[in-house]
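# Sharing a model prediction with you, sequence too.
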Amino acid sequence: MPKLHLVRLMRERIARLGNKAASAVSALMPLVDGDSDYLRYLTAETIGAIKPPVDKARPLLEKLQNDPNPIVRASAEEVLKNIGNY
């Protein structure tokens with residue numbers, strides 16, 4: 001599993017790219033199944049920062065909407081709600 005500080009750094013750098021990083025969304029898929037609640041939360045937040053087309057993000061976010069952690073679920077729901085507005 002990636003080190004959390006590296007994932008945070010990656011998220012910050014990807015966020016600066018915004019929707020130019022939309023192709024990176026599929027690379028986040030393995031993180032959705034990780035053991036770390038924080039890592040899954042960061043995955044949802046990273047998708048929100050990228051602001052990808054909804055068709056690229058929906059599968060990941062829908063999976064995170066069913067996460068056992070309520071913070072991860074709430075983050076995924078908020079991002080999913082907002083990506084249609086970009």
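Structure received. Residues are numbered from 1 along each chain as shown.
# show me where this protein has helices.
Taking DSSP state H as the test, the helices found in the chain are 4-17, 29-32, 37-50, 54-65, 70-83.
# Show residues contacting the third one.
Applying Cβ atoms under 8 Å, 6 or more residues apart in numbering, the external contacts of helix 37-50 come out as 1-2, 4, 7-8, 10-11, 14-15, 17-19, 21-22, 24-25, 28, 31-32, 34, 57, 60-61, 64, 67, 69, 71-72, 75-76, 78-79, 82-83. For the C-beta atoms, the positions are set from N, CA and C on the backbone; glycine is no exception.
# how about Lys63, what does it touch?
Val32.
# Tell me what angle the lowest-mean-pLDDT helix or strand in the chain forms with helix 37-50.
When each helix and strand of the chain is scored by mean pLDDT, DSSP states H and E, helix 4-17 comes last, with a mean of 76. Relative orientation of helix 4-17 and helix 37-50, computed by axes from the mean of the first three to the mean of the last three Cα atoms, to 10 degrees: 10 degrees.
# Using CSV, write out the CA atom coordinates for helix 4-17.
What follows is helix 4-17 as a C-alpha-only set of coordinates in CSV (Å, rounded to 0.1, in the frame of the first residue of the first chain):
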residue,chain,number,x,y,z
LEU,A,4,-0.2,8.1,3.1
HIS,A,5,2.1,11.1,2.9
LEU,A,6,3.0,10.2,-0.7
VAL,A,7,-0.7,9.9,-1.5
ARG,A,8,-1.4,13.3,0.0
LEU,A,9,1.4,14.8,-2.0
MET,A,10,0.1,13.1,-5.2
ARG,A,11,-3.4,14.5,-4.5
GLU,A,12,-2.1,18.0,-4.1
ARG,A,13,-0.1,17.9,-7.3
ILE,A,14,-3.0,16.3,-9.3
ALA,A,15,-5.4,18.9,-7.9
ARG,A,16,-3.2,21.6,-9.3
LEU,A,17,-3.6,20.1,-12.8
